[in-house]
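1. pasting a predicted model and its sequence here:
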Amino acid sequence: MPGISRPRYSGIFPVVPTTFHEDGTLDLASQKRCLDFMIDSGVDGLCILANFSEQFLLADDEREVLTRTALEHVAGRVPVIVTTTHTSSRVCAERSRRAQDMGAAMVMVMPPYHGATFRFGEPQIQGFFQAVSDAIAIPVMVQDAPAAGTPLSPAFLARMAREIEQVCYFKMETAGAAGKLRELIALGGDAIEGPWDGEEAITLLADLEAGATGSMTGGGFADGIRPIIEAHRNGDPDTAFALYQRWLPLINHENRQAGFLAAKALMKAGGVIACDAPRAPWPPMHPEVRRQLLDIARRLDPLVLRWGR
């Protein structure tokens, strides 16, 4: 039986950015090259349609196109997590069922919310995740993200893991993530199949020490982050620390300065994709932020800067 000691999925599952043309339309040719590059960078799996994929700027029909394109192009080379977040239980369940039918390995879902003020209590959140679980036969990852503005206590998350069949993966991105992971594992035991690190690996070492078995990072340099995870998994904390120390300037610049545009800027610089523009009204990356990003990256020589050249 799957459990924390035998998870179905572990390791590094970066978020795939969504690629656009300059006019804001989807660039599917670049999207496929992006997927190929990310697989070549040594990922254990991928996640599409997350916040770092600009999912909040996509229409429903575009989500369908991107999901189908990604799953057909990846063609089982690595497992793919599809983000299906929506405020409506029915819509989220339907999105999740369609993702499963197209070949998703897992769905990732934030608790229901809308805007800055619409929030729900624990009974409604549990009912929401129950409805999603009932619609599918693949794991559900609960994304505990600040964007939702919804407090999710370790005790509540552990209860959902015990009581809802498919809810068994948890990505922690809130303040104090390591402590929350540690408490969740203690309370949930084997019901917590996948306690995961998130937020671009900015707390990776602390989260690994707390028991994280997976990490969802940005999409630009998995070849730099995967060895950190592997060293820690193999019981070599000194190597994990040294590698993390080396890559931390780039991790930090992505997390604190460039945000979700970092991966696309790196991919364009390396010839992976044709355009790194976000979709309006999101502003483009400031030229100085881009310069600093590429300067840091060139010192590390990640695959992304060489893959398309």
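-> Okay, I see it.
2. let's verify residue 156: helix, strand, or coil?
-> helix (DSSP: H, G, I helix; E, B strand; the rest coil).
3. which one is it nearest to, not counting chain neighbours?
-> residue 122 (5.6 Å; C-beta to C-beta, 6 or more residues apart in numbering). All C-beta atoms are positioned from the backbone trio N, CA, C, and that covers glycine.
4. and the pLDDT at that neighbour?
-> Looking at residue 122, its pLDDT reads 96.
5. how far does the longest helix that the chain contains sit from the chain's center?
-> Longest helix in the chain, counting residues (DSSP state H): helix 237-253. In terms of C-alpha atoms, centre = their mean, to the nearest Å, the centre of helix 237-253 is set 19 Å apart from its chain centre.
6. for burial, what's the neighbour tally of the nearest residue to residue 280 once chain neighbours are set aside?
-> Using C-beta to C-beta, 6+ apart and skipping residues adjacent in sequence, the residue nearest residue 280 is residue 24, 6.1 Å away. By other C-beta atoms under 10 Å, the residues close to residue 24 number 13.
7. and for the one 5 residues further on?
-> For residue 29, the tally of surrounding residues (other C-beta under 10 Å) stands at 12.
8. quick one: residues contacting it.
-> residue 274 (C-beta atoms under 8 Å, 6 or more residues apart in numbering).
9. I'd like the average pLDDT over whichever strand or helix holds it.
-> Here residue 29, judged by DSSP states H and E, is contained in helix 28-40. For helix 28-40, mean pLDDT is 98.
10. following the chain past it, name the next helix or strand.
-> strand 46-48.
11. mind giving me the packing neighbours of that following strand?
-> Judged by 3 or more C-beta pairs under 8 Å, 6 or more residues apart in numbering; DSSP states H and E, strand 46-48 is in contact with helix 28-40, helix 60-74, strand 80-83.
12. where does the prediction get shaky in the chain?
-> For the chain, the stretches flagged by pLDDT under 70 are 116.
13. where do the strands sit along it?
-> Secondary structure of the chain (DSSP state E): strands located at 11-12, 46-48, 80-83, 106-109, 140-144, 167-172, 194-197, 214-215.
14. which other residues reach the longest one?
-> The set of residues that contact strand 167-172 without belonging to it, under C-beta under 8 Å, 6+ apart, is 2, 9, 106, 108, 129, 133, 139-145, 157, 160-161, 180-181, 184, 191-198, 207, 212, 214, 216.
15. could you rerun that using 6 Å?
-> By C-beta atoms under 6 Å, 6 or more residues apart in numbering, the residues outside strand 167-172 that reach it are 129, 133, 139-144, 157, 160-161, 180-181, 193-196, 198, 216.
16. that one - which strands sit beside it in the sheet, and in what orientation?
-> Strand 167-172 sits in its sheet next to strand 140-144 (parallel), strand 194-197 (parallel), going by DSSP bridges.
17. adding mean neighbour count and distance to residue 173, write these out as JSON lines.
-> Converted to JSON lines, these look like this (neighbours: other C-beta atoms under 10 Å; distance: least, C-beta to C-beta, whole Å):
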{"stretch": "strand 140-144", "mean neighbour count": "25", "distance to residue 173": "6"}
{"stretch": "strand 194-197", "mean neighbour count": "26", "distance to residue 173": "9"}
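18. turn those strands into JSON lines, including distance to residue 293.
-> Listed next are these as JSON lines, based on distance: least, C-beta to C-beta, whole Å:
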{"stretch": "strand 140-144", "distance to residue 293": "25"}
{"stretch": "strand 194-197", "distance to residue 293": "22"}
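19. out of these, which gets nearest to residue 244?
-> Among these, strand 194-197 comes nearest to residue 244, with 11.9 Å by C-beta to C-beta.
20. how far off centre is that closest one?
-> Distance, centroid of strand 194-197 to centroid of chain: 11 Å (C-alpha atoms, centre = their mean).
21. what's it in contact with?
-> 7, 169-171, 181, 185, 204, 207, 211-212, 214-215.
22. could you rerun that using 8 Å?
-> Taking C-beta under 8 Å, 6+ apart as the rule, strand 194-197 contacts 4, 7-10, 139, 141, 168-172, 177, 181, 184-185, 203-204, 207-208, 210-216.
23. do the same with stretch 49-65
-> Against stretch 49-65 from outside (C-beta under 8 Å, 6+ apart): 15-18, 26, 28, 47, 66-67, 82-85, 95, 98, 108, 145, 147, 200, 216, 218-219, 259-260, 263, 278-279, 282.
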